[in-house]
Structures are given as C-alpha cells and as structure tokens.
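>>> heads up, no residue letters with this:
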C-alpha cells in the first residue's frame, strides 16, 4: 500500500494510536526504525509502544497529562513519544542540547507530570523539583528494562478529542522570545495527508534522520511520513557525528531522502568526501532544506556538486509544512518555496492590510487546518498573530509570481531600516557567500544615531582563506551598490546557532545594543 492509498484512511483517523496500529498491521514485518544495531519492525514498534504505555500508566501518567522528553535522538525517544499519544497525554519534547539548566526553566513553565530524560540530566532536573525518570543512558538499554515486565497486548483505545492539544513544542526563538506552541491531532493529520498528496514522499523507501527529534522538523518531514508509507527511518544522534560517513550511510541503507538546515548544507559542501561516487548514491531522490533562509547559490552549488535536487522546505513551527517545492516538476527553477499544499490558503499582505499584487513584496499570511492551537499560557500573543481576515501572519517577507509559486525573502524582524529605507539582509548574505573565501555570513542592522540603523555583516571564513574585508566590500559594491554595502565587517570563528542549526541573528543584534 503506497502513500496515496494511505491518505484515504487518514480522513477517518481520530488518533495517532489508530495510525500506529494500522501501520503495525499493514506493514508488520517491514523495518520501521534503525538505531545503531537495532532494527525494529512496524509490528515490533507497536508492541514496544504498548509495553511503554503500561509502564507509564504504572507511574501515574494519564490522559491530559503533559509528558516531557529530554533525550538524545533514538528509537527509545520515539517509543515514549507515541506511547504518550496513545495514552492521550500531551507530548512535550525538548532539544537535548538545551542542557539541564535551560531545560529545567522551560519545563517548570510547562509543569509536566513526568520528564523522561537522559541520565546526564536526571539529577539536575529532579533537583529543580521536576519528576524526572532516567529513560536513556549511553551504552545501556534503559527503556527496555523499564518496560520489560509489561504486557504486549494492545492497549484499550483512549477516547481522545482530536481537537484538543496533543503536542507542545518549544520554538527556537530565532528572532524573538522562545514560546511553547500547541498543536492538535487533527491539525497534524491534515498536514500529513496534504504532504503525501503533494508527492512529498514520492517513491522514497528510506530516510536518514539526524536533525533533533526535540524539534518538529524531523518528526513532520521523516517520522510521520515513514509511518504512513511503510518506509524506513535510520536514526542518528546528530549530523555532526555522521558527517564523515554521510554518503557511506546513504549507500548502506539505500536512503532516498534526508533533511538539513542551511548550516548543515554548508558543512556538507565543505567536507572533502574523497570517496564520493555518484553511482553509489543513486537511491537519493532529493534532500529537503528548511528552518531558515536557503540562499539560491547554496541550492545551486549542492545540486551541481552532488547531482541531487535540493528542495527549499517552507513552514513555521506554528503552521507546519505549508508549501512544497516539487523538485520533480518539469521546467522547475530554483530559488523559490513552491506552491501552497492543498489544505493551505496563502497570501501576501502589504503593510496596509491589502493583498499584494503579483511579484509585490509583503508578509506571508496562512490559513490552514494545520495551524497551531495556541501559545501555552499566552492567549494574547496567539490572538495578535492573525490579521483582520483570519490569516496567521508569519512574520516572513515574500512574494508570489503569476504561476502561484511563492518566494521567501527574509524575516520581517530581520529587515534593516537604514535612513528610512528597508534593506533585506539575506540579499547581502547571499552576495557575501558567493565569494570563494566565505563559508557563512549573517547580516544585521547596527544601531546608528543618524540613520537609525546601518549594516554590519558577521563573516565565517573558509579554512585556509584570509579574513580580508576589502574584496568583500568590493563584491557588495559591485552587486548591491554603496547604500546596501555593509559599513562594518566582523570575522568570527562561528555564528551563534540554535539546536536545530538556525543562525540566531537576535543574539548578534544584542551584541550591538
């Protein structure tokens, strides 16, 4: 049974427990998860989730409780994730890279019933007043021991309202204060079905998964699609540990897809894969790149070097995936985010609230059943995100062409206003990154008493290249003119990034205040 057939069944699904059980019956002995030496079939995974439900119920977890996870990427994290959903709990994963102190602060705000954590975090989490249970320890199968005495029988169906909050994710806060975002079962199912109808997982049998499972991207672009299509998800702790043998892993597992963020794409392009052979990675259909702005040059460079299409994935944590750049479309051009998926209404709005004309720049607004259910404990902020027509205003500047294809330009909060003129920093970043010496660039507005803001670019230079601002300034003047050329350059060893690899420009702006 392929993706298009499965989406018909989704219309009647009211819970992820049903989806998981159907996948266990439909795909039974096919491998669902690979985690190191472990290879877990769809049926085995369903049984592990049942046993985990028994363990969690024995610890007092019940419908409506918030269950938090602070663990490294692993199959065990996903067992706990789906067991929480099967029990009717609200699942709240946090990125493991936050560390115990920051995780404690965010967890105390949420108030979970139980936190399942890596052993390195449990003591400090418990010391902060949280009920923490060690479910993961390097070199040990901790969860297996916790659930070994519980039955494998199917759990009774918990009566779950698909419109109640079932997921709660911490946003990375690249441009503002981080938030806890709430989603429902019905919103996630609507987006999953739309992704598959769009051809997102066309003939892909294996995903490599290395982005943090504490964020939404890997779940939405790999784990959920694999669950629905009977595909295999190969889990890695992080890209940085897989990096030296990325293409070897693709060859071994016959992978067809993996997702990256721009900083990882840069790392792949700058890694000397001496044994890379295009013949060994023929299984790769395409890669997806999301989370932040993807410069067209990066997209071009990757496709030119590896002969693998790179799709520009678009969607906020608050909206889920909303657009699909179909890399298989005849006559495809790069540098856009594609068309809205079939459950999404997307428009470009001007500052006065009117809808923009073709190619006119404005803020992207979204209507979709996949939208967030709210911001946890912040109804006012949630309400403020919608315009008079009921569109969720993304804070992203974009445009749309006469074919209905959308283009992402930059974050609205990242715009530089120099002497009353709006300047798009991503345009400057792309020009800088076109220089052979530049590995990464991040441009911000620096406060200026006369102009309001002036332009400053932070630059990471490639190994073996000299940090010389002269050629960079000349390149900007040639491509952008004097007014948009940065007044300041600062060479740094690395740019500040969140756990998912997004560049945190707000931190750079704070340095200049």
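Structure received. For clarity, every value in this text was computed on a predicted model and none was experimentally measured.

>>> going forward, measure contacts between C-alpha atoms and count neighbours the same way
Fine.

>>> quick one, phi/psi of the most centrally placed residue in the chain?
Nearest residue to the geometric centre of the chain (Cα atoms, centre = their mean): residue 217, 2.7 Å. Main-chain torsions, residue 217, degrees, to the nearest 10: phi -60, psi -50.

>>> got a list of what it touches?
By Cα atoms under 8 Å, 6 or more residues apart in numbering, the contact set of residue 217 is 211, 291.

>>> One more: residue 216?
By Cα under 8 Å, 6+ apart, the contact list for residue 216 reads 169, 317.

>>> go with 10 Å
93, 167, 168, 169, 170, 171, 316, 317, 318, 320, 500 (Cα atoms under 10 Å, 6 or more residues apart in numbering).

>>> What's the end-to-end length of stretch 126-142?
18 Å (Cα to Cα, to the nearest Å).

>>> Identify, from the contacts of residue 216, the entry nearest to residue 141.
Nearest to residue 141 among the contacts of residue 216, counting by Cα to Cα, is residue 93 at 19.8 Å.

>>> Might one say that the closest one is in contact with residue 166?
No: the criterion here is Cα atoms under 10 Å, and residue 93 misses it with residue 166 at 11.7 Å.

>>> In terms of neighbours, single out the busier of those two.
Taking neighbours as other Cα atoms under 10 Å, residue 93 and residue 166 compare with residue 166 leading, 28 against 24.

>>> How much space separates that one from residue 77?
Using Cα to Cα, which is the criterion applied here, residue 166 is 17 Å from residue 77.

>>> Shouldn't residue 237 be within a helix?
No: counting by DSSP: H, G, I helix; E, B strand; the rest coil, one finds residue 237 to be coil, located in no helix.

>>> just checking, it touches residue 209?
Yes: contact criterion Cα under 10 Å: residue 237 and residue 209 qualify, at 8.6 Å.

>>> Residue 147: how many residues sit nearby?
Using other Cα under 10 Å, residue 147 has 19 neighbouring residues.

>>> Quick check: most distant residue from the centroid of this protein.
Largest centre distance within the chain, by Cα atoms, centre = their mean: residue 450, 39.1 Å.

>>> quick one: residue 411 from residue 156, how far?
Taken as Cα to Cα, the span from residue 411 to residue 156 is 46 Å.

>>> Low-confidence bits of the chain, can you list those?
Residue ranges of the chain with pLDDT under 70: 1-9, 11, 172-178, 499-500.

>>> which parts of the longest helix along the chain are buried?
Secondary structure assigned by DSSP state H gives helix 42-58 as the longest helix of the chain. Within helix 42-58, the residues scored as buried using 16 or more other Cα atoms under 10 Å are 42-56.

>>> Tell me the one among the residues you listed nearest to residue 339.
So of those, ranked by how close each gets to residue 339 (Cα to Cα), first place is residue 42, at 32.7 Å.

>>> Leaving out the residues flanking it, which one is nearest to that closest one?
What sits nearest to residue 42 in space, not counting adjacent residues and going by Cα to Cα, 6 or more residues apart in numbering, is residue 24, at 4.7 Å.

>>> I'd guessed that neighbour sits against residue 50; true?
No: using Cα under 10 Å as the test, residue 24 is too far from residue 50 to be in contact (11.8 Å).

>>> Could you tell me which residues touch both of the two?
The contact sets of residue 24 and residue 50 overlap at residue 44 (Cα under 10 Å, 6+ apart).

>>> Fine by me, thanks again.
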